[in-house]
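Asker: Give me a model of this one.
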Amino acid sequence: MALTRADFHQQNLASAKLEAQRLFDQKAVMHSAWLNWVASQIYRLRPAEYASMVRRELAQLQQPAEK
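Answerer: Now for the predicted structure:
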């Protein structure tokens with residue numbers, strides 16, 4: 001039986017949040033090199049649905065810093 005989108009999201013949300021936090025934490029270390037680095041890290045994530053989840057979580061982490 002195939003996993004529904006909701007099931008996939010539920011099963012992978014905690015992992016996506018942890019991965020996004022790991023990536024975000026490197027921003028202060030890498031400074032201007034971070035953007036290219038983080039893009040390459042997200043590009044390697046599979047499946048694409050998981051990469052999208054991490055990207056969304058990362059965007060949420062960045063919102064407070066940009067206000």
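Asker: ok now do Lys27, which residues does it touch?
Answerer: Trp34, Val38 (Cβ atoms under 8 Å, 6 or more residues apart in numbering). Every C-beta, even on glycine, is put in place using the N, C-alpha and C of the backbone.
Asker: I'd like the distance between it and Leu61.
Answerer: Distance, Lys27 to Leu61, by Cβ to Cβ, to the nearest Å: 9 Å.
Asker: what about the longest helix in this protein?
Answerer: With residue count as the measure and DSSP state H as the assignment, the chain has helix 5-25 as its longest helix.
Asker: what distance separates it from the middle of the whole chain?
Answerer: The chain centre lies 7 Å from the centre of helix 5-25; the measure is Cα atoms, centre = their mean, to the nearest Å.
Asker: Now do the buried residues in whichever helix or strand comes after it.
Answerer: Remark: after helix 5-25, the chain's next helix or strand is helix 27-30, criterion DSSP states H and E. For helix 27-30, a neighbour-count test (16 or more other Cβ atoms under 10 Å) marks Lys27 as buried.
Asker: roughly how far apart are Ala14 and Pro47?
Answerer: Ala14 is 17 Å from Pro47, by Cβ to Cβ.
Asker: Have a look at the protein and report the helix or strand with the lowest mean pLDDT.
Answerer: Counting by mean pLDDT, DSSP states H and E, the chain has its least confident helix or strand at helix 48-66, which shows a mean of 91.
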